[in-house]
Structures are given as C-alpha cells and as structure tokens.
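>>> This is the structure alone, sequence omitted:
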C-alpha cells in the first residue's frame, strides 16, 4: 500500500493543478494504473469542473459578494485535496468528494 502511494504521489499532486493538471496526471497514470493517483485524479477533475461550472454561472453577476464565496469554496476544496495527496491520504473532499468518486468511477 505504501509503495502504491509513493508511486502515485506525483500524479496525485499534479492532478490538482486546475485545468491542465488533470490531463497531465491522467497521462502519467495511463500505463501503470495506480489506485492512489486515480483517486486524486477523480477529485482533481471534480474540483476543476466545479470551478468551471461555478465560474460560468457566477460570471453573469458582477458582484464581489457572489464571487468571493465561490473562490473561497474552491480554494478550500483545492487545499484539502492537495494536502491530502501530499500526506498520502485518500479522504474524499468535503461535500462533493464522494460524488466525484461515484461520477468519475470510470476514470482509473
């Protein structure tokens, strides 16, 4: 188990670089499927899609009172995910992490 975590840690951390990091991590994990990296790739993909979706919705409003909570929410999820990858843990993000694992279960 510990070897799996160490082998997949680079891909797991890379998956949290919003946008392109998910695709880089997917290519890093394409040959030898690492379960630790796959878990974090699903989490990273979920937070990236959440960021894009919320950004598209909130961009219709020109208010700091609406956009600031979105940035805080995404920042908290991102911090939680990247620190759990660095520590070698596979704990889903609060609120959405279990959904990300279920929705993106075909990504391994």
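Happy to help now that I have it. This is a predicted model, so every value here is computed, not measured.
>>> quick one: contacts for the nearest residue to residue 105 once chain neighbours are set aside?
In space, not counting the residues next to it along the chain, residue 105 is nearest to residue 42; the distance is 7.6 Å by C-beta to C-beta, 6 or more residues apart in numbering. Backbone N, C-alpha and C define where each C-beta goes, glycine included. Residue 42 is in contact with 100-101, 104-105, 107, counting by C-beta atoms under 8 Å, 6 or more residues apart in numbering.
>>> could you list every residue that touches the spatially most central residue of the chain?
Central residue of the chain (C-alpha atoms, centre = their mean): residue 44, 1.6 Å from the mean position. For residue 44, the contact set (C-beta under 8 Å, 6+ apart) comprises 15-17, 21-22, 25, 81.
>>> neighbour-wise, which of those residues leads?
Neighbour counts for the contacts of residue 44 (other C-beta atoms under 10 Å) peak at residue 15, which has 31 neighbours.
>>> contacting residues for it?
Each residue near residue 15 by C-beta under 8 Å, 6+ apart is listed here: 21-22, 24-26, 37, 40-41, 43-45, 85.
>>> hmm, try it at 7 Å
Applying C-beta atoms under 7 Å, 6 or more residues apart in numbering, we find residue 15 in contact with 21-22, 25, 40-41, 44.
>>> Which of the residues you listed fall in strands?
By the criterion of DSSP state E, membership of those in strands covers no residue at all.
>>> how close does residue 68 sit to residue 97?
Applying C-beta to C-beta, to the nearest Å, the value for residue 68 to residue 97 is 23 Å.
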